[in-house]
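Q: sequence and predicted structure are below.
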Protein chains: 2
Amino acid sequence: MTWQDRSGRIDHDGPVTVWQQVADDITADIESGELPSNSRLPSEAELTELYGVARGTVRRALAALADGGTVTVVHGRGTFVAAR
Amino acid sequence: MTWQDRSGRIDHDGPVTVWQQVADDITADIESGELPSNSRLPSEAELTELYGVARGTVRRALAALADGGTVTVVHGRGTFVAAR
DNA sequence: CCCGATTTGTGCGTATGTATC
DNA sequence: AGATACATACGCACAAATCGG
């Protein structure tokens, strides 16, 4: 898929934390099939840019997804959608 | 040109970010002609040493220059001054 | 064709300072 | 006081592309 600006999807003033919104947004793409199994997600730096959030926030979102088995992080290669 | 220590040019406590100072310093060399078109910049590791900053900071500076079309980064080869 | 060196790409972990809720 | 979030910066490890012998 083509990655474009997603900063508009983040509500910085609502009740849901930013990192949770990022995690939910990525999860939605995976469940919709836009992000196929084994496909690589944008890098942390790219996600930081795409969502307009801090790196720490991106890392927290990815950590939540990895913790739930949704994605797999590979040192030096990237973050991938877990195989179904 | 000969590359020597440039750590003295960086102010780690001022209002200007370190990566911006590095980017500005490199830009000055390009505009002065010391770094000709298509010439290769020092490697990220060398720039890290020369400026006495972290590699991530160097990469951020180079990313800014690449974003502005000043340089071109090539995986496995190096960073080059964009053709005039 | 293989091997090693070089260089960039990506991620890991952490720290500091500021601001806001 | 505490949690969240942003921005910057540090150092390190591993992966991948390139080039030379």
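A: Arrived safely, thanks for sending.
Q: which element is the residue nearest in space to the middle of chain A on?
A: Centroid-nearest residue in chain A: A:Ile26, 4.4 Å away (criterion: CA atoms, centre = their mean). Taking DSSP states H and E as the definition, A:Ile26 sits inside helix A:18-32.
Q: contacts for the helix or strand just after that helix next, please.
A: Using DSSP H and E, the helix or strand that directly follows helix A:18-32 along the chain is helix A:44-51. Helix A:44-51 has contacts (CB atoms under 8 Å, 6 or more residues apart in numbering or on different chains) with A:3-7, A:9-10, A:22, A:25, A:41-42, A:54-55, A:57-59, A:61-62, A:79. From N, CA and C alone the C-beta is placed, and that goes for glycine too.
Q: the helix holding A:Ile26 - contacts with which helices or strands?
A: helix A:44-51, helix A:55-67 (3 or more CB pairs under 8 Å, 6 or more residues apart in numbering or on different chains; DSSP states H and E).
Q: and the ones you listed: which comes nearest DNA strand C?
A: helix A:44-51 (4.0 Å; CB to the nearest atom of the strand).
Q: show me which residues of chain A sit near DNA strand C.
A: Residues of chain A lying close to DNA strand C by CB under 7 Å from any atom of the strand are A:13, A:41, A:43-46, A:55-56, A:59, A:62, A:73-79.
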